[in-house]
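Engineer: Here's a sequence, model it:
(chains A and B)
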Amino acid sequence: MIKRIWKLRSTRKFFSNRLAVMALLIVAGYLAIALGTSVFGLVDLDATFARVGPKNVSGFFRVQEPEKQVEDVEYIFNRVDSALRRRDPKQALAEIQFGPQRLIDASPEEIKAIVERGWSYFDQLAESDDLNQDRAALPVIEQLKQTEQSLFAPLTSGQRWEQRINLVLGTDAQGRSIALRAIYSIEVAIKIGLVVAFFSVLIGSLLGTAAGFYGGWVDHAVTWAFTTFSSIPSLVLLVLLAYMFTGSTFEGTLFPMYIAFSATYWIGPCRVIRGETLKLRELEYVQAATALGYSRPYIVVRHILPNASHLMLINFSLLFIAAIKGEVILTYLGLGIKNGTSWGIMIEQSRPEVINGFFWQIGTATVLMFGLVLAFNILSDALQDAFDPKHV
Amino acid sequence: MTDSEPILKIEHLTTRFHTDRGVVQAVDDVSLELFAGETLGIVGESGCGKTVTSKSVMRLLPTHLSSFGAESRIEYRGMNLLGLSENQMRDIRGNQIAMIFQEPMTALNPVFTVGWQLDEALKYHTSLNRRERFDRSLEMLRMVDMPNPTRRLKEYPHQLSGGMRQRVMIAIALCCEPDILIADEPTTALDVTIQAQILRLMNDLKKRIGTAIVLITHDLGVVAQICDRVAVMYAGRVVEMATVHDLFHRPQHPYTRALLDSIPINDATHHGQRLPAIEGIVPSLFELPQGCRFHDRCKFCEDECRQTEPDLETTGSQQSVRCHFPLSELRS
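Structural biologist: This is a model prediction of the structure:
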């Protein structure tokens, strides 16, 4: 079977299109990641909420500005300080652990000494006017950082790798790994895209062909349904449906979004496929099928639907993308996913960061979304070019 | 031939269409008989009711837009086809009465292979298993003289030429060995050499399988080649009915005569002369003229023609004509 498909002219045509192959690889990569996170637990939801470092660390291990470095160290010393002041220092110190980094196994007195040393460096730094400009401040900052590092036990090589991966795209305002969050969001996006596109196209093409082929009251009913639905701005309907689920067990999960998007997105494929069916119904091969004595449901399924399959494919790829974008918009408005992780949540939470000039979170979410959308578009286009029997 | 029972008997068929501008009688009181193993031609200009007649037999007209007259009967093996339910009709279509269409380009489903479509018809109407269906498909393609049939089974319609597609259509229509084959302008879209091949093929198959053929065409050349009897239609009515020999040698209706005159003849005496054509156009079905429907285009029109419409009268052993002044009388 695979050998036969491989030998097809269309397959060869598809693989000779370099852009298409690239798009295929990209989409396959996304799918593999989604499969990895959902089935093999590559990244779980808890991991996307864990602190892995100080807040708003830049990605690609870029050297932070001196001011930011000092700020990060200060943050850690403050946490240690306040932990030590409480009654149970061991328990309190556990709170400041970042991912694989653990406080050294030392007595509170020893830790206190390290922190004291750190504060004295801060006093030195306070004398320089501008940390970013003052060259004399740089060695002090270096010492400060080393002092801070001595608070933590050295990392094993496995932990070092883990930390590197977590920090590759920096951290958000709560010190969570942007890379892990973005990767986990791929699974969410692809789930929404596939489920919504599948059900919308299924509902749309069944209703569309039925309306177009049978005509009469079936057509009236379907036409009434989609004109009514499309006269309501779809976002309003989505908001309404999202509100309907507040308070239910499904609140904040993906389920209300599946329902909301499928209930509005079926209109597009339905309208297009109804029109195509009206055209196909009058074609001679459909009449010939009737003249050969085939029953009407049989003609719809075996003769009309396959000839409208290109429209189904196009609509599937359009809706796949529309659903992913829709999720982002709805979540941004605060109506979509709550207490989860998705590109929409990442973009929504990066609002204050952008004002402060930190673009790693919004950038990562946007670039990944752009990559998926573009690759999917190119792929579906190339597939249609290669496999549509009417254009060989 | 006349003493045996006809297998298809159309009696007083009236087909009406309900349009926005009112009710139109596209076929008006047509009676035809088809005997086993013969070829009946139906000729006429565009819009004179040929196709509607054939689609009425197959019950392919949209039910909410059309209706039949109360007197109408289409009798096949003692059943009135017009009274059958959709389910009963489905058993007859394809199995006992098959139809092929004018446009071979669009009459095959573009997304399935030829083999799939032949197989589909066999699967639907017979209880053959997969292997037998494959053999039968191959046999059918051989029967319609398809070159390289094993390869063609795996090909899509767009890979075939028009003539080959029409052969496939004929193969699909005949694979269940129907009693009657209705061919609606089967050669109109083909060029003349292919046309001749297809006509010869249909003639051969008719003899081999014994299927009766109703051939609808506007091409008198085609009629002359393969028909046994001919019905000439004009504005929804049969105006003349005769054997092919009588029709070409002794046409009695002025319309038939005019049609025959409009066939181009390639010889010295006709060279450089204007080809005779019938003046005017077929009257609109909404505004049929009073009296004979052909009178305003007729060269031999008299007062009586403008007043009353003539009946279809039998004039010879197998000839009948709807004219007050049949031509042989006029000329004598």
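
Engineer: hang on, residue B:71 is in a strand, isn't it?
Structural biologist: No - the assignment for residue B:71, made by DSSP: H, G, I helix; E, B strand; the rest coil, is coil rather than a strand.

Engineer: any idea of the pLDDT on residue 244?
Structural biologist: In the absence of a named chain, this looks at chain A. Note on residue A:244: pLDDT of 82.

Engineer: looking at chain B here, not the other one
Structural biologist: According to the prediction, residue B:244 has pLDDT 92.

Engineer: That one: how many residues sit nearby?
Structural biologist: By other C-beta atoms under 10 Å in any protein chain shown, the residues close to residue B:244 number 18. Yep, even glycine has a C-beta here, placed from its N, CA and C like the rest.

Engineer: For it, list the residues it contacts.
Structural biologist: B:41, B:223, B:224, B:227, B:228, B:229, B:230 (C-beta atoms under 8 Å, 6 or more residues apart in numbering or on different chains).

Engineer: Next one: it relative to chain A, how far apart?
Structural biologist: Residue B:244 sits 26 Å away from chain A, going by C-beta to the nearest C-beta, to the nearest Å.

Engineer: element containing the residue located most distally from the centre of chain B, please.
Structural biologist: Within chain B, the residue lying farthest from the chain centre (C-alpha atoms, centre = their mean) is residue B:131, at 35.0 Å. Assigned by DSSP states H and E, residue B:131 belongs to helix B:130-143.

Engineer: quick one: the very next helix or strand once past that helix to chain centroid distance?
Structural biologist: Per DSSP H and E, the first helix or strand lying C-terminal to helix B:130-143 is helix B:149-153. Centre-to-centre, helix B:149-153 and its host chain are 30 Å apart (C-alpha atoms, centre = their mean, to the nearest Å).

Engineer: Okay, buried residues for helix B:149-153 please.
Structural biologist: For helix B:149-153, burial by neighbour count (16 or more other C-beta atoms under 10 Å in any protein chain shown) applies to B:149, B:152, B:153.

Engineer: Which residues of the stretch 51-200 of chain B lie near chain A?
Structural biologist: B:58, B:60, B:64, B:90-95, B:98-103, B:106-112, B:120-121, B:124-125, B:156, B:158, B:169, B:172-173 (C-beta under 8 Å from any C-beta of the partner chain).

Engineer: let's see 7 Å
Structural biologist: Residues of the stretch 51-200 of chain B lying close to chain A (C-beta under 7 Å from any C-beta of the partner chain) are B:58, B:60, B:64, B:90-91, B:93-95, B:98-99, B:101, B:103, B:106-111, B:121, B:124-125, B:156, B:158, B:172.

Engineer: Restricted to helices, list those residues.
Structural biologist: Using DSSP state H, the subset of these located in helices is B:58, B:90, B:91, B:121, B:124, B:125, B:172.

Engineer: so who does the fourth one touch?
Structural biologist: If I follow you right, that is residue B:121. Residues near residue B:121 by C-beta atoms under 7 Å, 6 or more residues apart in numbering or on different chains: A:292, B:94, B:172, B:175, B:176.

Engineer: ok, so of those residues, who is nearest residue A:386?
Structural biologist: residue B:172 (28.9 Å; C-beta to C-beta).

Engineer: Skip the chain neighbours and tell me the closest residue to that closest one.
Structural biologist: Spatial nearest neighbour of residue B:172, excluding adjacent residues (C-beta to C-beta, 6 or more residues apart in numbering or on different chains): residue B:121 at 5.2 Å.

Engineer: Would you mind listing what in the stretch 151-300 of chain A touches chain B?
Structural biologist: Checking the stretch 151-300 of chain A against chain B by C-beta under 7 Å from any C-beta, the hits are A:216, A:283, A:284, A:285, A:287, A:288, A:290, A:291, A:292, A:293, A:294, A:295.

Engineer: most surrounded residue in these?
Structural biologist: Busiest of those [other C-beta under 10 Å] is residue A:288, holding 27 neighbours.

Engineer: burial measure for the nearest residue to it once chain neighbours are set aside, as a count.
Structural biologist: What sits nearest to residue A:288 in space, not counting adjacent residues and going by C-beta to C-beta, 6+ apart, is residue B:107, at 5.1 Å. When neighbours are defined as other C-beta under 10 Å, residue B:107 has 27 of them.

Engineer: Does residue A:236 lie in a helix or a strand, and which?
Structural biologist: Assigned by DSSP H and E, residue A:236 belongs to helix A:234-244.

Engineer: What is the subsequent helix or strand relative to that helix?
Structural biologist: Moving toward the C-terminus from helix A:234-244, the next helix or strand (DSSP H and E) is helix A:255-265.

Engineer: What's the separation between residue B:271 and residue A:119?
Structural biologist: For residue B:271, the distance to residue A:119 (C-beta to C-beta, to the nearest Å) stands at 119 Å.

Engineer: Which of these two has more residues huddled nearby?
Structural biologist: For residue B:271 versus residue A:119, neighbours defined as other C-beta under 10 Å are more numerous around residue A:119 (13 against 8).

Engineer: Make sure that one is indeed in a helix.
Structural biologist: Yes - counting by three-state DSSP, residue A:119 is part of a helix.

Engineer: Quick one: residues contacting it.
Structural biologist: If a contact means C-beta under 7 Å, 6+ apart, then residue A:119 has residue A:77 as its contacts.

Engineer: Which of the three states applies to residue A:173?
Structural biologist: Here residue A:173 is recorded as coil under three-state DSSP.

Engineer: if you skip the residues just before and after it, what's nearest to it?
Structural biologist: Excluding the flanking residues, the one nearest residue A:173 by C-beta to C-beta, 6+ apart is residue A:55, at 5.2 Å.

Engineer: Read off the pLDDT value for the residue sitting furthest away from the middle of chain A.
Structural biologist: The centre of chain A is farthest from one residue, residue A:291, which by C-alpha atoms, centre = their mean lies 51.3 Å away. For residue A:291, the pLDDT comes out at 87.

Engineer: That one contacts residue B:93, correct?
Structural biologist: Yes - Residue A:291 lies in contact with residue B:93 (C-beta atoms under 7 Å); the separation is 5.7 Å.

Engineer: Fine, thanks again, bye for now.
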